[in-house]
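Asker: Need coordinates for the below:
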Amino acid sequence: MTTSATFDQLTQTVNQAEAQIKDAAARNRSELQAQVEQARTSAEQRATQIQAQATQAHDDATAGWQSMKANWQAHVSDLHDKAADKKAEMDRSRAQRRADRADLYADDAVSFAIAAVQEAEYAVLDAALAHADVEAAPSQ
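Answerer: I've put the predicted structure just below:
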């Protein structure tokens, strides 16, 4: 998924959360309870997904690092013979790796923001449910 598409997903998630929160005022307690449970489940699923992505990224980075070290050693020995040509190639490769890392960081940041919006939606709905409970409680 591109960074732009991931950011679009963030916008969509924020808009959905806002609509759910606005609709909460018109719901009865049982509907509100179901909505709170659904928001909590969604937030937990997203947190699990982010953890899995982080684990996979770590595993990929470790394997990539070992491969990069081996490639680098071979590259250094070739540099002695072809310094000028290899420098240009290395600069492009470094720039590409930096761009790739920047894309991954951006995707992770947007995923985190989506999770935060979902957690905020859950918190607001849970607060609305708590207020509904106060209103439903008998006066003393």
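
Asker: Please pull out the lowest mean pLDDT helix or strand from this protein.
Answerer: helix 29-79 (a mean of 79; mean pLDDT, DSSP states H and E).

Asker: just checking, next helix/strand downstream of that one?
Answerer: Next along the chain after helix 29-79, taking DSSP states H and E as the criterion, comes helix 83-136.

Asker: Give me the phi and psi for residue 27.
Answerer: Per-residue torsions, residue 27: phi -100, psi 150 (degrees, to the nearest 10).

Asker: What count of nearby residues applies to it?
Answerer: 17 (other CB atoms under 10 Å). For every residue, glycine as well, the C-beta is placed using N, CA and C.

Asker: about what we covered before: run through the neighbouring helices and strands of the least confident helix or strand of the chain.
Answerer: Secondary-structure packing of helix 29-79 (3 or more CB pairs under 8 Å, 6 or more residues apart in numbering; DSSP states H and E): helix 3-24, helix 83-136.

Asker: Reformat those helices as CSV; add distance to residue 73.
Answerer: Formatted as CSV, those follow (distance: least, CB to CB, whole Å):
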stretch, distance to residue 73
helix 3-24, 33
helix 83-136, 13
